[in-house]
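>>> Mind looking at a prediction? Sequence and model below.
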Protein chains: 2
Amino acid sequence: MGSRAPSAPLQSKLRQVSFELLAECPHTRARAGVLHTPHGDIETPVFMPVGTQATVKGLTQRDLAEELGAQIILANTYHLFLRPGHELIRKLGGLHRFMSWPNAVLTDSGGFQVFSLSGLRKISDRGVVFQSHLDGSSHTFTPESTVDVQLAFGSDILMVLDECPEYPVSHEYARESMHRTVRWAKQANDHFRSRIVESPTRHALFPIVQGSMFPDLRRECAAALVDLDADGYAVGGLSVGEPRPLSLEMVEATEDLLPRDRPRYAMGVGMPAELPEYVARGIDMMDCVLPSRNARNGYLFTSAGRVIIKHARYRDDERPLDEKCRCYTCKSYSRAYLRHLFQSGEILYAVLATRHNIRRYLDIMRGIRHAIISKSFPEYLKCVRAAAADVD
Amino acid sequence: MGSRAPSAPLQSKLRQVSFELLAECPHTRARAGVLHTPHGDIETPVFMPVGTQATVKGLTQRDLAEELGAQIILANTYHLFLRPGHELIRKLGGLHRFMSWPNAVLTDSGGFQVFSLSGLRKISDRGVVFQSHLDGSSHTFTPESTVDVQLAFGSDILMVLDECPEYPVSHEYARESMHRTVRWAKQANDHFRSRIVESPTRHALFPIVQGSMFPDLRRECAAALVDLDADGYAVGGLSVGEPRPLSLEMVEATEDLLPRDRPRYAMGVGMPAELPEYVARGIDMMDCVLPSRNARNGYLFTSAGRVIIKHARYRDDERPLDEKCRCYTCKSYSRAYLRHLFQSGEILYAVLATRHNIRRYLDIMRGIRHAIISKSFPEYLKCVRAAAADVD
């Protein structure tokens, strides 16, 4: 498969987003690196906050970039395609300019949302026809069209259209679906390469390893996608309802087949204690709505475990949410005040809670990276596992 | 009434919040001054953003104090009495500490909300019994109890309990109600003075001129309240549905009776073009939910008039909301992006829109103050009136 062979000179020249490995843990598969993009360098492993509709709910772009230090965010192709539309975003100078975001953007292909959000949908080998969850209007995504949509956005990293099967599905269905995903990835990749030859802008396209919860299918898929010599690879179809150990197993089954010199992205994961587990299995990039969605729902992540802010015990709790956190929320406000805002349904609650939870995730990732570089990642992992076992 | 006589030495010593007049317009009643409070100096005329539940919806305290330059905000006694409760706020160090707000706070007496928000309510000479809009529980506000509640908050400026009649009411009812308001003000004032003798903290208590839309009652009320030698005076019962010229008339009817050396506060006003009209009639302080509530509803105030952000014409409008505004929203985002956020129901819309609208109001007040000090207020007023006549 040649996945670990050095890139040929021609390929290097074509490389749109380059990945630099800085350190590898000798005891796990963890790596620390830098992903160079047209919108800045991204220190990996990295967690990407989710900005579905071109906004990370409740945060300004300045808070996100300057205070929280987010180097890359994720935006959703499905949502932005439907509203405000990719042609409008192109006309307004692309997603970065539209939303006034200076750093990198990764957009998903829309596949996951088509399968989870839209009404009637019909998959064929050509692509997927679906109904908008907003107004019921009918649309089609093909491997080629979602590349075009994401190029209109000007995303730094594009994802190929994939089929993300429910959990559980039969081996037979998973196999058929995985083969479709591989075919779509090849079509998307061909289309992408012809499009970027036309245009001088720099982007990367990541294919997505599928195969449901079947290690043999995951390996077959990874092997086939490696032939595309992509700038990075994703492991998709996780967090679809399967037991958590199974998600990690699927990454393990895939990882050794993916090129060592390209970033690996586990899509849609995970809880704080899971972040280092994915990193230990060779993952460099992750995204998840958990820190932002849970924040809004009153579920806060702290260095001492979770805080369910509505609980009466926080009513007169003068302490900051997390005594070890340096975010604006923890530096300025008490748990009692946060609880009051939550109970009162105030916007400021969502603003402050999201700010903290995203900061917590980014701080965890910075801690993980530091541990890898300082050669203490195995000890770091041990501590996290011991703490996780202690938490209710 | 001695309202314009210099304060006697004893009175000066007792003065809790002192007002310094810096400039008076020779052609109108407009004044510029400084209100000295335990939580900083307030440049008047001033607009006070409304932070009903100990938060100005959508803004952090840092944005409000540092970026927008708000020197004082208003919080609502009725809401905070019901949730989280004044005893909790007292226990947590008072409202400033509870909400992490470094500048001054004015709290209303709760009267207006009792009359506009609560369920069944019964007025007697003793006070008002009312049902919580949150859970239907029964509570009583008396002139003395609302002083105690506001002292528990640690407000810099407290308001006396008043009866705020609906519009319209008969002269007979308005007279009876006004007399009750005057009696309550005296009781509140006596209670306040005995309470602050006990306690070394500094506060001010403002009585409220009522009298519905009857100039004779307004004047009778003002004359009676001036005898209390209060640190400042409010004109209440405005913006209750009356035609706008009538609100201004009620202020005119009252103003010459109020002591020149004390701040005057017009409660619950107004639209941008009305702000200088109140100032021209001798008003130093105003508050209103309009800039924040309208922001959330998509109604934005700009130096070139209103912008209803949902309108299709803004769909691809790359310009900032207000080209002349220096707020974060206008410096960073386009109308097209704001419209997208509004249409998508995103939290960031409320955050950015409120930031702009509050900034707009505070900028207007800074412009008014500058005009008074630089002796150009009549010209300023002329321009505002001409522009208002132009606007649809």
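Arrived safely, thanks for sending.
>>> Could you find the closest non-adjacent residue to A:Leu352?
A:Thr329 (4.3 Å; Cβ to Cβ, 6 or more residues apart in numbering or on different chains). In this view, the C-beta of every residue, glycine as well, is placed from N, C-alpha and C.
>>> what's the answer for A:Glu318, then?
Excluding the flanking residues, the one nearest A:Glu318 by Cβ to Cβ, 6+ apart is A:Ser334, at 4.9 Å.
>>> Please name the residues that touch the one you found.
Contact partners of A:Ser334, counting by Cβ atoms under 8 Å, 6 or more residues apart in numbering or on different chains, are A:Asp317, A:Glu318, A:Arg319, A:Pro320, B:Leu92, B:Phe98, B:Ser100.
>>> pLDDT weak spots in chain A?
Residue ranges of chain A with pLDDT under 70: A:1-15, A:200, A:391-392.
>>> Show the contacting residues for the residue positioned nearest the centre of it.
Central residue of chain A (Cα atoms, centre = their mean): A:Asp287, 2.7 Å from the mean position. Shown in contact with A:Asp287 (Cβ under 8 Å, 6+ apart): A:Phe47, A:Met48, A:Pro49, A:Val50, A:Leu74, A:Leu106, A:Tyr265, A:Met267, A:Gly268, A:Val269.
>>> quick check, nearest of the residues you listed to A:Leu248?
Nearest to A:Leu248 among the contacts of A:Asp287, counting by Cβ to Cβ, is A:Val269 at 9.1 Å.
>>> so how far is A:Met286 from that closest one?
A:Val269 sits 5 Å away from A:Met286, going by Cβ to Cβ, to the nearest Å.
>>> tell me, what's touching the two both at once?
Joint contacts of A:Val269 and A:Met286 (Cβ under 8 Å, 6+ apart) are A:Leu275, A:Tyr278.
>>> returning to what we had before: quick one, which of the contacts of A:Ser334 are buried?
The neighbour count (16 or more other Cβ atoms under 10 Å in any protein chain shown) marks A:Asp317, A:Pro320, B:Leu92, B:Phe98, B:Ser100 as buried among these.
>>> can you give me the helices for the stretch 251-392 of chain A?
Using DSSP state H, counting those that start in this stretch, the helices found in the stretch 251-392 of chain A span residues A:275-280, A:290-296, A:328-332, A:335-343, A:347-373, A:377-390.
>>> I'd like these written out as a markdown table, with mean neighbour count added.
Converted to a markdown table, these look like this (neighbours: other Cβ atoms under 10 Å in any protein chain shown):
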| stretch | mean neighbour count |
| --- | --- |
| helix A:275-280 | 25 |
| helix A:290-296 | 21 |
| helix A:328-332 | 19 |
| helix A:335-343 | 24 |
| helix A:347-373 | 23 |
| helix A:377-390 | 15 |
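>>> got a markdown table for those helices, with distance to B:Ile309 too?
Shown next, in a markdown table, are these (distance: least, Cβ to Cβ, whole Å):
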| stretch | distance to B:Ile309 |
| --- | --- |
| helix A:275-280 | 38 |
| helix A:290-296 | 23 |
| helix A:328-332 | 27 |
| helix A:335-343 | 26 |
| helix A:347-373 | 17 |
| helix A:377-390 | 45 |
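>>> What residues does the stretch 51-200 of chain A have near chain B?
A:53-55, A:57-62, A:83-84, A:88, A:91-93, A:98-100 (Cβ under 8 Å from any Cβ of the partner chain).
>>> which among the residues you listed end up buried?
A:53-55, A:57-61, A:84, A:88, A:91-92, A:98-100.
>>> Quick check: the residue of the stretch 151-300 of chain A nearest chain B.
Closest approach between the stretch 151-300 of chain A and chain B, counting by Cβ to the nearest Cβ: A:Arg296, at 8.4 Å.
>>> For that residue, which residues are in contact?
Contacts of A:Arg296 (Cβ under 8 Å, 6+ apart): A:Lys57, A:Gly58, A:Ala350, A:Ala353, A:Thr354.
>>> Tell me which two in those are the farthest apart.
Every pair of these checked by Cβ to Cβ; the farthest is A:Lys57 and A:Ala353, at 10.5 Å.
>>> Tell me the one of the buried ones among the contacts of A:Ser334 nearest A:Gly232?
So of the buried ones among the contacts of A:Ser334, ranked by how close each gets to A:Gly232 (Cβ to Cβ), first place is A:Pro320, at 37.6 Å.
>>> In this structure A:Val17 contacts A:Asp156, no?
Yes. With contact defined as Cβ atoms under 8 Å, A:Val17 counts as touching A:Asp156 (6.5 Å).
>>> unless I'm mixing things up, A:Lys331 is touching A:Pro320, no?
Yes. Assessed by Cβ under 8 Å, A:Lys331 is found in contact with A:Pro320 at 7.2 Å.
>>> Over to A:Pro165: give its phi and psi.
phi -70, psi 150 (degrees, to the nearest 10).
>>> A:Leu35 too?
Main-chain torsions, A:Leu35, degrees, to the nearest 10: phi -100, psi 120.
>>> With A:Gly85 instead?
phi 100, psi 140.
>>> element containing A:His36, please.
strand A:31-37 (DSSP states H and E).
>>> do A:Ala185 as well
helix A:171-198.
>>> Quick one: list the elements packing against the helix or strand following that helix.
Next along the chain after helix A:171-198, taking DSSP H and E as the criterion, comes strand A:204-206. Under the contact definition 3 or more Cβ pairs under 8 Å, 6 or more residues apart in numbering or on different chains; DSSP states H and E, strand A:204-206 sits against strand A:157-159, helix A:171-198.
>>> mind listing what's buried in the first one?
Buried residues in strand A:157-159, counting neighbours by 16+ other Cβ under 10 Å, are found at A:Ile157, A:Leu158, A:Met159.
>>> now stretch A:204-216
Buried, per 16+ other Cβ under 10 Å, within stretch A:204-216: A:Ala204, A:Leu205, A:Phe206, A:Pro207, A:Ile208, A:Val209, A:Gln210, A:Gly211, A:Ser212, A:Met213, A:Phe214.
>>> The stretch 251-392 of chain A against chain B: which residues are in contact?
The stretch 251-392 of chain A has residues A:315-316, A:318, A:328, A:332-334, A:336-337, A:339-341, A:343-344, A:346-348, A:350-352 near chain B, with proximity defined as Cβ under 8 Å from any Cβ.
>>> Of all the helices of the stretch 251-392 of chain A, which one comes closest to B:Asp190?
Of all the helices of the stretch 251-392 of chain A, it is helix A:335-343 that lies closest to B:Asp190, at 32.4 Å by Cβ to Cβ.
>>> Next step: the buried ones among the contacts of A:Ser334 restricted to strands.
Using DSSP state E, no member of the buried ones among the contacts of A:Ser334 sits in strands.
>>> between those residues, which is closest to A:Leu21?
Among these, and counting by Cβ to Cβ, the member closest to A:Leu21 is A:Pro320, at 37.2 Å.
>>> if I read this right, that closest one contacts A:Cys330, doesn't it?
Yes. The pair A:Pro320 / A:Cys330 is scored as a contact, 4.2 Å apart, by Cβ under 8 Å.
>>> how near is the residue nearest to A:Leu352 to A:Pro102?
23 Å.
>>> go on, A:Glu249?
In terms of Cβ to Cβ, A:Glu249 sits 38 Å off from A:Pro102.
>>> Also A:Ala23?
27 Å.
>>> Quickly list what the closest residue to A:Gln71 other than its chain neighbours is bridged to.
Take A:Gln71 and drop its neighbours on the chain: the residue closest to it by Cβ to Cβ, 6+ apart is A:Ile42, 4.4 Å away. Taking DSSP bridges as the rule, A:Ile42 bridges to A:Leu35.
>>> show me the contacts for A:Ile42.
Neighbouring residues of A:Ile42 by Cβ under 8 Å, 6+ apart: A:Val34, A:Leu35, A:His36, A:Gln71, A:Ile72, A:Ala104.
>>> For the fourth one, give me its contacts.
With contacts defined as Cβ under 8 Å, 6+ apart, A:Gln71 is in contact with A:Gly40, A:Asp41, A:Ile42, A:Glu43, A:Val46, A:Asn103, A:Ala104.
>>> Can you select the buried ones from those residues in ChimeraX?
Here is the ChimeraX command that selects only those of these that count as buried (16+ other Cβ under 10 Å):
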select /A:42,43,46,103,104
